[in-house]
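Q: Curious how this folds, go ahead:
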Amino acid sequence: MKKEEILKEIFDKLDISQTMHDNATEKYKNIAKVLEDNGLDASIYPQGSFSIGTVIRPYKEGKDRDYDLDFVCQIRGTKDDFEPKEIKDSVGDILKKDGRYSPKLKEYDRCWTIEYADISDGVGFNIDIVPSTSETQNYINFLISRGIEINKAENAIAITHKENNEFSWISTNPAAYAEWFNEKNKNAFKHYIYKQKSNIFNEYRMLYGSIEEVPDYKVKTPLQRVIQILKRHRDIYYDRGKANNFKPASIIITTLLAEISNFSDGTEEIFEFLNFAVEELRSMENYFLKSNAPNLSKILSSMISKVGEDNWEMKNPVNPEDNLLDCWDNKTATMFFKWLEEVKEDLLDTTISREYIENKVTSSLAVNLKNSKSEHIIRKVEPVKPWKD
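A: Take a look at the predicted model:
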């Protein structure tokens, strides 16, 4: 097998299959129809990795898990019109009464989860439905005053949070984040995207009337692939080190790489972009944790700051109230940089030979190229909302 074929197989195993993607899309649209038929005026749409094309297979305690796919259920109105418990229950009560969903339904602090087992080759997924409603105009105006574009600020929502049987609101904006990410992705890799869509169009002319009709999700850019690689490597590294409580959230990796991508000169080589991104991220260690360090790159200096001796800050690009590094301290940061060293050792050998990929790369990503089916799956639901998995 050639090197390129091995890499493609690895990427396919990290990603959600087209069959499962289509299956999940059909299922969440069916859920939306059930809610609508029962009088709930709401829309359901993807959030997180499913909305930006960076889904990976979850991994914990030495095993692959079923996919966790996140969807927002946005009820028409604003949070001034409802109590948070009312929003949460309005979705759950309908699903509980439906025989198709009630046996699979579980409640968590911010979502209702429906478990689907054995969708394809013994692999299943969990659909997390996050009840929400629109934010108030006052909050939207606040976001605009803090520099968020009007069209993005207007997508802000309030989701419900349940703790000790008490309900509260949490402000978030997954639709705006997906729009922000996709803008970065298209800007950095517009030529790559066009070339790949052109290839797909030429191969499937019976399906598409033009290149523009080829959907975005058919193309994975180096940015999306590198995010998937780093998320997978992170899961393996922190799990094997028994340090899952310290692993960086997916939204941190995604936000950093999306910003970095716009300074990468649109490289079309996945491992070339991976190397560029990792070196940029490693520069933070010298700047923040070591004395007499050179200045931080312009890419990161506008994003990350250290507050005091042991606190870190990076603003969500569509929500200035959300500090993505609010759980970081110096120990967390130190482990982050140690992980990046491991990424460099495991994935950035300068030769990237076929033998290296078959051994070192597949081992560090826990990918088995000899068996396409997952034989040992532990089903466990671990929803994290809003999206910071």
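Q: drop to CA atoms for contacts and neighbour counts, all remaining ones
A: Noted.
Q: For D37, see how far away the closest residue to Y101 other than its chain neighbours is.
A: Leaving aside its sequence neighbours, Y101 sits nearest to L95 (CA to CA, 6 or more residues apart in numbering; 5.8 Å). The spacing between L95 and D37, counted by CA to CA, to the nearest Å, is 12 Å.
Q: Those two - which one has more neighbours?
A: L95 (22 against 11; other CA atoms under 10 Å).
Q: List the buried residues of the helix or strand containing the more buried one.
A: Using DSSP states H and E, L95 sits in helix 84-97. Residues of helix 84-97 classed as buried by neighbour count (16 or more other CA atoms under 10 Å): 84-85, 87-88, 90-92, 94-96.
Q: so what pLDDT did I16 get?
A: If you check I16, the pLDDT there is 88.
Q: ditto for K85
A: Note for K85: predicted pLDDT of 97.
Q: That one touches F167, doesn't it?
A: Yes - the pair K85 / F167 is scored as a contact, 5.9 Å apart, by CA atoms under 8 Å.
Q: what is in contact with those two at once?
A: T160 (CA atoms under 8 Å, 6 or more residues apart in numbering).
Q: Show me the shaky parts of the stretch 251-389 of the chain.
A: Low-confidence regions of the stretch 251-389 of the chain, defined by pLDDT under 70, span residues 291-294, 349-352, 370-389.
Q: can you map out the helices along it?
A: 270-289, 298-301, 330-347, 354-356, 362-364 (DSSP state H, counting those that start in this stretch).
Q: which secondary structure element contains the residue nearest to E115 when sequence neighbours are not counted?
A: Excluding the flanking residues, the one nearest E115 by CA to CA, 6+ apart is N126, at 4.5 Å. Counting by DSSP H and E, the element that carries N126 is strand 123-134.
Q: got the CA positions of that strand in CSV?
A: C-alpha atoms of strand 123-134 as CSV (Å, rounded to 0.1, in the frame of the first residue of the first chain):
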residue,chain,number,x,y,z
VAL,A,123,-20.6,1.6,15.7
GLY,A,124,-23.3,3.8,17.0
PHE,A,125,-23.8,7.4,18.0
ASN,A,126,-25.6,9.6,20.6
ILE,A,127,-27.6,12.6,19.5
ASP,A,128,-27.5,15.3,22.1
ILE,A,129,-30.4,17.8,21.8
VAL,A,130,-29.7,21.1,23.6
PRO,A,131,-32.9,23.0,24.4
SER,A,132,-32.5,26.8,23.9
THR,A,133,-34.1,30.0,22.8
SER,A,134,-32.8,33.3,21.5
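Q: That strand pairs with which strands, parallel or anti?
A: strand 67-78 (parallel), strand 112-120 (antiparallel), strand 157-163 (antiparallel) (DSSP bridges).
Q: Let me see the mean pLDDT of it.
A: What strand 123-134 shows for mean pLDDT is 93.
Q: let's have the chain start at 13 instead
A: Right, with 13 as the first residue, what we last looked at is strand 135-146.
Q: got the angle for that strand vs helix 96-109?
A: 140 degrees (axes from the mean of the first three to the mean of the last three CA atoms, to 10 degrees).
Q: Quick check: buried residues in whichever helix or strand comes after strand 135-146?
A: Next helix or strand after strand 135-146 toward the C-terminus (DSSP H and E): helix 149-157. Neighbour counts over helix 149-157 (16+ other CA under 10 Å) mark 152, 155-156 as buried.
Q: same question, stretch 61-79
A: Buried-residue list, stretch 61-79, by 16+ other CA under 10 Å: 61-72, 75-79.
Q: Repeat that for stretch 194-202.
A: Neighbour counts over stretch 194-202 (16+ other CA under 10 Å) mark 194, 196-198, 200-201 as buried.
Q: Quick check: bridge partners of the residue nearest to E127?
A: Bridge pairing for N138 - DSSP bridges - gives D80, E127.
Q: if I pick it, what's in contact with it?
A: So N138 contacts 78-81, 125-128, 393 (CA under 8 Å, 6+ apart).
Q: Now, of those residues, which are buried?
A: Using 16+ other CA under 10 Å, the buried ones in these are 78-81, 125-128, 393.
Q: and which of those residues is nearest K91?
A: T125 (22.4 Å; CA to CA).
Q: Isn't that closest one up against K118?
A: Yes - the criterion here is CA under 8 Å, and T125 meets it with K118 at 5.2 Å.
Q: for the residue lying closest to E175 once chain neighbours are set aside, phi and psi?
A: Leaving aside its sequence neighbours, E175 sits nearest to D121 (CA to CA, 6+ apart; 6.6 Å). Taking degrees, to the nearest 10, you get phi -60, psi -30 for the backbone angles of D121.
Q: per-residue pLDDT, D121?
A: Reported pLDDT at D121 in the predicted model: 96.
Q: what's the answer for S183, then?
A: 96.
Q: Next, the contact list for the residue nearest to it when sequence neighbours are not counted, please.
A: With sequence-adjacent residues excluded and distances taken as CA to CA, 6+ apart, S183 is closest to A170, at 4.5 Å. Shown in contact with A170 (CA under 8 Å, 6+ apart): 91, 144-147, 181-184.
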